[in-house]
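Enquirer: Model the structure of this input:
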Amino acid sequence: MRASRGRTTVSALALAVGVWWLSGCAGWPSEEPQGPPVGATPETHDAASLVAYAHWVHTLSPKALDHLYYRLLAENSPTRPIRLAVALSHPEAPFRDVELARQLLDGYLRRPHLETRCCREFAAFLRSTLDAHDSHERTRERLARLREAHAALEREATALRASAEEERAHRIRLERQIEALKAIEMDLNAAERRAQSVVR
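Expert: Model (predicted):
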């Protein structure tokens with residue numbers, strides 16, 4: 001029962017981080033965080049601490065992320081691939097490399113079961129979150145292209161309507177000019193007939 005409750009808690013925390021991950025980084029605080037949350041050390045084998053670590057990483061500025069990245073590269077710990085993948089997939093990371101993050105997580109998940117099941121579940125969740133993020137980004141790109149195409153069609157339709165209105169106004173002006181010429185012609189014909197009648 002205790003193990004089940006622990007997995008449920010980790011899943012809930014991971015889901016919260018995943019939702020925030022998909023929504024993108026909302027920015028970072030004006031002051032740098034002092035350090036990772038308690039327990040999120042290179043020796044951490046607890047999934048809840050890894051979730052807290054992921055949340056903390058998403059509060060870092062690009063400069064702080066750079067420092068973290070080089071520290072992670074120098075580490076040699078079982079959960080290093082997970083924590084490095086968290087940093088690599090940060091939306092504002094100068095070294096952002098989602099494909100490498102995937103490869104690290106895939107390699108971790110293919111390893112023998114040396115770590116706790118919860119850590120592996122978190123790694124699998126993070127891996128699926130990256131795929132979901134890519135799918136979300138592709139959907140956003142498609143929507144952006146569709147909106148752009150729709151806007152282009154609207155502009156073209158507006159231009160056609162303006163052209164049609166201009167053509168209609170031009171046609172009305174021509175028709176009025178023709179009517180005016182006809183009236184002048186009729187007046188001239190009437191004047192000529194009157195002149196001829198006087199001559200006779």
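Enquirer: Can you check which helix is longest in this protein?
Expert: helix 117-199 (DSSP state H).
Enquirer: In PDB, list the C-alpha atoms belonging to stretch 89-107.
Expert: This file holds the C-alpha atoms of stretch 89-107, laid out as PDB (Å, rounded to 0.1, in the frame of the first residue of the first chain):
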ATOM      1  CA  SER A  89      15.000  20.200 -22.900                       C
ATOM      2  CA  HIS A  90      14.600  23.600 -21.100                       C
ATOM      3  CA  PRO A  91      13.000  26.000 -23.600                       C
ATOM      4  CA  GLU A  92      15.500  28.800 -22.800                       C
ATOM      5  CA  ALA A  93      18.600  26.700 -22.500                       C
ATOM      6  CA  PRO A  94      21.500  28.100 -24.700                       C
ATOM      7  CA  PHE A  95      22.500  24.400 -25.300                       C
ATOM      8  CA  ARG A  96      19.000  23.200 -25.800                       C
ATOM      9  CA  ASP A  97      19.000  19.800 -27.600                       C
ATOM     10  CA  VAL A  98      15.800  17.800 -27.300                       C
ATOM     11  CA  GLU A  99      17.000  15.000 -29.500                       C
ATOM     12  CA  LEU A 100      20.000  14.400 -27.300                       C
ATOM     13  CA  ALA A 101      17.700  14.500 -24.300                       C
ATOM     14  CA  ARG A 102      15.600  11.800 -25.900                       C
ATOM     15  CA  GLN A 103      18.700   9.700 -26.600                       C
ATOM     16  CA  LEU A 104      19.900  10.000 -22.900                       C
ATOM     17  CA  LEU A 105      16.500   9.000 -21.600                       C
ATOM     18  CA  ASP A 106      16.300   6.100 -24.100                       C
ATOM     19  CA  GLY A 107      19.700   4.900 -23.000                       C
END
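Enquirer: Enumerate the positions of it that are buried.
Expert: Buried residues in stretch 89-107, counted by 16 or more other Cβ atoms under 10 Å: 89-90, 93, 98, 101-102, 104-105. Any C-beta I mention is one placed from the backbone N, CA and C, and that applies to glycine too.
Enquirer: Mind picking the one among those residues that's closest to residue 184?
Expert: residue 98 (78.2 Å; Cβ to Cβ).
Enquirer: Next up, the contacts around the closest residue to that closest one other than its chain neighbours.
Expert: By the measure of Cβ to Cβ, 6 or more residues apart in numbering, the closest residue to residue 98 outside its immediate chain neighbours is residue 89, 5.3 Å from it. For residue 89, the contacting residues are 21, 96, 98, 101, 126, 130, 133, by Cβ atoms under 8 Å, 6 or more residues apart in numbering.
Enquirer: was I right about the third one contacting residue 130?
Expert: Yes. Using Cβ atoms under 8 Å, residue 98 is in contact with residue 130, at 5.9 Å.
Enquirer: picking up where we left off before, what's the distance between the residue nearest to residue 98 and residue 192?
Expert: 93 Å (Cβ to Cβ, to the nearest Å).
Enquirer: Make CSV from the contacts of residue 89 and add pLDDT to it.
Expert: As requested, these are arranged in CSV below (pLDDT from 0 to 100):
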residue, pLDDT
21, 50
96, 91
98, 89
101, 93
126, 90
130, 86
133, 72
